[in-house]
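**Q** generate coordinates for the sequence data below:
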Amino acid sequence: MSALAAPAAGRQRWAASDAEALNRLYAGRALDALADVLTDAVFGQVALVSSFGADSAVLLHMVSQICRDVPVLFVETGWLFAETLSYADDLAAHLRLSDVRWLKPDAAFLDAQDPKRLRWSYDPDGCCNLRKVQPLDLALGGFDLWISGRKSHQNRARATLSLFERDGARLKLNPLHDWTSADLTAYSAAHMLPPHPLVAGGYPSIGCSPCTSRVQPGEDPRAGRWRGWDKSECGIHKPSEDAEPVF
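**A** Predicted coordinates:
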């Protein structure tokens, strides 16, 4: 990938202009971008962040066809469904992923900040920060770019997703940003990917067990996430520094 030189040492690794240049270079070529990010040293150290949720098999399969030893960061918050934990093990084995890293919140920190383990019930933002955002931020410290499975159709905050975006000093790649639900279903069927066991039971979007409920027919697929709260994101996906704010 010769159109973009590696950023010079001694400055913030990636700038807004780099993300813009990459979006122009890879316009309409998201899978080429994914392949280059995983194989070209110019991108630096790369990790894939996965929830092993309802749609996760698609991106994990794509990555496994290119580089099975890419680090896959999986945040085990302590509140995930047992089915998700089993699925993470089973899917990783099925795709022969060799470096899945289970991240967990620090137990002493939880004891200090959430001693009764009930913070999810009165402060879901704070709970997400303790159990998900902070462990992932710590794990991402050594990486220059991370790959996300977000899609623009998932909610209003994601509607303007681009292929590449800047995330502080790092870049983030969203190779499925313009995929629809139908695209995901077709890909999964074509490659016979094992589904998350909770999807058939009415869970089209799956997070932590206390904050995920079944979705009724006709509801938005993410209606079961933080039901009753004015909340649609866990906090690991911070708005791009260069994006327009979403109100």
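**Q** measure residue 204 to residue 224 for me?
**A** Using Cβ to Cβ, to the nearest Å, residue 204 is found at 8 Å from residue 224. Quick note: C-beta positions are derived from backbone N, CA and C, even for glycine.
**Q** any common contacting residues for these two?
**A** residue 215 (Cβ atoms under 8 Å, 6 or more residues apart in numbering).
**Q** list the residues that contact the residue nearest to residue 191 when sequence neighbours are not counted.
**A** Take residue 191 and drop its neighbours on the chain: the residue closest to it by Cβ to Cβ, 6 or more residues apart in numbering is residue 61, 5.7 Å away. Residue 61 makes contacts with 95, 187, 191, 193, as judged by Cβ under 8 Å, 6+ apart.
**Q** so for the helix or strand where residue 61 lies, mean pLDDT?
**A** Applying DSSP states H and E as the criterion places residue 61 in helix 56-64. The average pLDDT within helix 56-64 is 98.
**Q** same check, this time on stretch 148-165
**A** If you average the pLDDT over stretch 148-165, you get 75.
**Q** just the buried residues of the helix holding residue 61, please?
**A** Neighbour counts over helix 56-64 (16 or more other Cβ atoms under 10 Å) mark 56-64 as buried.
**Q** which one of those is nearest residue 28?
**A** residue 62 (16.5 Å; Cβ to Cβ).
**Q** pretty sure that closest one is touching residue 34, no?
**A** Yes - between residue 62 and residue 34 there is a contact under Cβ atoms under 8 Å: 6.3 Å.
**Q** give me the common contacts of these two.
**A** residue 175.
**Q** how about the most centrally placed residue in the chain: what's its closest non-neighbour residue?
**A** The C-alpha lying nearest the average C-alpha coordinate of the chain belongs to residue 148 (Cα atoms, centre = their mean; 4.0 Å). Nearest residue to residue 148 in three dimensions, chain neighbours excluded: residue 174, at 5.2 Å (Cβ to Cβ, 6+ apart).
**Q** counting neighbours, what do you get for the one you found?
**A** If you count neighbours by other Cβ atoms under 10 Å, residue 174 ends up with 23.
**Q** for it, give me its contacts.
**A** Contact analysis of residue 174 by Cβ under 8 Å, 6+ apart lists 147-151, 161-165.
**Q** do residue 52 as well
**A** Residue 52 sits in contact with 60, 74, 84, 87-88, 91, 196, where contact means Cβ under 8 Å, 6+ apart.
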